[in-house]
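A.B. asks: next comes the sequence, and after it the predicted model I'd like to discuss.
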Amino acid sequence: MIVSEIFRSLQGEGKNQGRPCTFIRLAGCNLRCAWCDTSYAWEGGKEMSVTEVLDRVWLINGKQICITGGEPLLQGEELLELLQKFNRHGYTVEIETNGTRDFRELQAFASICMDVKCPSSGERSDLRLLPFLTPRDCVKFVVADEDDFLYARAVMSRYEIRAEILISPVEGSDYRAIADYIVEENLPVRFQVQLHKILGIK
C-alpha cells in the first residue's frame, strides 16, 4: 500500500465526529478538488505492506479507524485485505471516499462516508453510487455558495439516499448563512462544521 501518514487524532467530520480515531491516510487521488486540504496526499507516500500498517495501528492503540486519502479506493485490492484483517481483530472502520469508485465490496467490513462533490470543487462524484449506501453510512456535501446548495438539494430530491446526510461549509465561507439556508429550506440534513479546523488539529 502507498501510505501518506498514520496518526491518532479526533475525527473532525462525519458520523463519528468528535471521537478519538486512528487515521490511515493513503496516498494518491484521481481528483483535484479546488478546496482540498490534503493536497500533499495526491502524490508521494511510503510503500507499506498490509502487515506493516496493522502493526503500526496496533502500536498507536484504539479500535476506531478511519481510512482516508487521497482516494483510498484506488488501492482496492490491498484495502480489502486490510479491512478483512481489521474485521477479524475487532476494529471499527470508516472509509472516506470521493464517490468515484464502487465501494460495495467493502461495505461488509467498513462504513462509507461518501463526499459528493459540489460545483465549487470543480469535480464530480458518481451519483449512481448513492442508492448503494446504507443507514450505517453517510453522505457529505461540502458547500461554499448558493450554487452548491442548489446542487445538493437537487441530488437529494433525485436519488434515494438511506444514509445520513451532512452539510459541511467550506472553510472561510459564511457558516451562518449556510445554517440559515438549511433551516429555511427544511433540508433533511445535519449541519456540521469541520471540527479539526476549529481545533487546529489533523
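C.D. replies: That came through, no problem.

A.B. asks: least trustworthy helix or strand in this structure by mean pLDDT?
C.D. replies: The helix or strand of the chain with the lowest confidence, counting by mean pLDDT, DSSP states H and E, is helix 195-199 at a mean of 86.

A.B. asks: just the C-alphas of that one, formatted as PDB.
C.D. replies: Output for helix 195-199, consisting of C-alpha atoms alone and laid out as PDB, is shown next (Å, rounded to 0.1, in the frame of the first residue of the first chain):
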ATOM      1  CA  LEU A 195     -14.100  20.200  14.000                       C
ATOM      2  CA  HIS A 196     -10.400  19.600  13.100                       C
ATOM      3  CA  LYS A 197     -10.100  23.000  11.500                       C
ATOM      4  CA  ILE A 198     -11.600  24.700  14.600                       C
ATOM      5  CA  LEU A 199      -9.200  22.900  17.000                       C
END
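
A.B. asks: who are the packing partners of it?
C.D. replies: Identification of packing neighbours for helix 195-199 by 3 or more Cβ pairs under 8 Å, 6 or more residues apart in numbering; DSSP states H and E yields strand 2-10. For every residue, glycine as well, the C-beta is placed using N, CA and C.

A.B. asks: swap the cut-off to 6 Å and go again
C.D. replies: For helix 195-199, not one helix or strand is in contact under the criterion 3 or more Cβ pairs under 6 Å, 6 or more residues apart in numbering; DSSP states H and E.

A.B. asks: contacts for that helix next, please.
C.D. replies: With Cβ atoms under 6 Å, 6 or more residues apart in numbering as the contact definition, helix 195-199 has outside contacts at 12, 17, 171.

A.B. asks: buried stuff in it?
C.D. replies: Residues His196 are the ones in helix 195-199 that count as buried (16 or more other Cβ atoms under 10 Å).

A.B. asks: quick check: which element contains the closest residue in space to Met1 that isn't next to it in sequence?
C.D. replies: Beyond its immediate neighbours in the sequence, the residue positioned closest to Met1 (Cβ to Cβ, 6 or more residues apart in numbering) is Glu78, lying 4.7 Å away. Remark: Glu78 resides in helix 76-88, with elements defined by DSSP states H and E.
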